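[1] Predicted model follows, preceded by the sequence.
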Amino acid sequence: MNKNRVSGSATFPDSRPPATRLLARTRGSAHRRAMPRHAARLIGAILLGLSLAAPAAHRVRAQTPCPLPEGFTLHDIALPAAKQQVAAERRLVVLTFGGVRPAGADAETRGATYPARLEAALSAALPEIEVTVKNEAPPGKTAADVPAALPELIARTGARLVIWGPGGRDLAAHLKLDAFGAAVNGGIDAVRRGGADLILLDTTFVPSPARMAAIEAYRERLLAAAAANHVPLLRRHAMMRLWSEDGTLNLAARDPAERELVARHLFSCVAQGLAEPIAAAVR
């Protein structure tokens, strides 16, 4: 008897995909020898894995690297309180606000939120240091509610670095510009009294001329407060505008699923812009 025929192997090249050939060999007619049970189970598992792998590959979307031009990045910043914590305790505790809901319902379990991405980026930049990012809901309804809440938050979390991006909620709530400016200055004072350092985030950018015109006055107050008080400020607005214009981020996306992906990518980009300068400042 021809052993090639019994084993199911063809005597000529078979152009079918490997998974198809394997499946065909498991389907013998009645005169073929029965396959051992454990082998059948193994082949079934392999086939199931092959069938699931192809669709999964299509679901994965690689993130485009975020360009960070020299003029937009933080350089030679001083974070004395955070540096002291790293030196004394070999750990760094960072306090942030928000950055969870826009990334979607499963963002926390997947580590796709802003605080999770920031913690991962800082941990990679400081592999010998225990990094913890403590995230809180933004206190109150506007920036005016933040200064009073900061001392307790800093004391409770043990944070020696606070990252705060005021402006968006304040525009939506129509907070008066003088009150906004006073709130930013009050927040800077509160962080320093709490024994921590502060990095401010510039207001966000969206491809809407009307919204950008409305928020520009808040941006001017924020930048002025940062400069007057010698507080590092990440130029998030300019970065987001660049990423929108060069196609890195589709900030005009309307589909809810795509908007979640854009938010997750944005959080990674901002975390990337913060991690290296923070690491350099605390080493």
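    Received the coordinates, thanks. Numbers count the residues shown, from 1 in each chain.
[2] On the three-state scheme, residue 64 is what?
    Judged by DSSP: H, G, I helix; E, B strand; the rest coil, the three-state class of residue 64 is coil.
[3] neighbours around the nearest residue to residue 100 once chain neighbours are set aside, how many?
    If the residues on either side of it in the chain are set aside, residue 100 comes closest to residue 113, at 4.6 Å by C-beta to C-beta, 6 or more residues apart in numbering. In short, each C-beta sits where N, CA and C put it, glycine included. Other residues lying near residue 113 total 25 when counted by other C-beta atoms under 10 Å.
[4] wait, what's in contact with residue 113?
    Neighbouring residues of residue 113 by C-beta atoms under 8 Å, 6 or more residues apart in numbering: 99, 100, 103, 107, 135, 267.
[5] isn't the third one right up against residue 260?
    Meaning residue 103. Yes: between residue 103 and residue 260 a contact is recorded at 5.9 Å, counting by C-beta atoms under 8 Å.
[6] out of the two, which sits in the busier spot?
    More crowded of residue 103 and residue 260, by other C-beta under 10 Å: residue 103, with 25 against 19.
[7] Roughly how far does that one sit from residue 274?
    Distance, residue 103 to residue 274, by C-beta to C-beta, to the nearest Å: 17 Å.
[8] quick one: low-confidence parts of the stretch 101-250 of the chain?
    Residue ranges of the stretch 101-250 of the chain with pLDDT under 70: none are present.
[9] Show me the helices in the stretch 101-250 of the chain, by range?
    114-125, 146-157, 168-172, 177-193, 209-228, 236-245 (DSSP state H, counting those that start in this stretch).
[10] most tightly surrounded among the ones you listed?
    Stretch with highest mean neighbour count among the helices of the stretch 101-250 of the chain: helix 114-125 (a mean of 22; mean count of other C-beta atoms under 10 Å).
[11] That one packs against which elements?
    strand 91-97, strand 130-136, helix 256-282 (3 or more C-beta pairs under 8 Å, 6 or more residues apart in numbering; DSSP states H and E).
[12] Can you spell out which helices and strands pack onto the longest one?
    Applying 3+ C-beta pairs under 8 Å, 6+ apart, we find helix 256-282 packed against helix 80-89, helix 114-125, strand 197-201, strand 233-234, helix 236-245.
[13] can you list these in TSV and add distance to residue 213?
    Output for the helices and strands packed on helix 256-282, formatted as TSV (distance: least, C-beta to C-beta, whole Å):
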stretch	distance to residue 213
helix 80-89	36
helix 114-125	26
strand 197-201	20
strand 233-234	21
helix 236-245	13
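[14] how about the ones you listed, which one is nearest residue 255?
    helix 236-245 (16.5 Å; C-beta to C-beta).
[15] hmm, back to that, in TSV: the contacts of residue 113, plus distance to residue 203.
    Converted to TSV, those look like this (distance: C-beta to C-beta, whole Å):
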residue	distance to residue 203
99	14
100	19
103	19
107	22
135	19
267	16
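[16] What subset of the residues you listed is buried?
    Taking 16 or more other C-beta atoms under 10 Å as the criterion, what is buried in the contacts of residue 113 is 99, 100, 103, 107, 135, 267.
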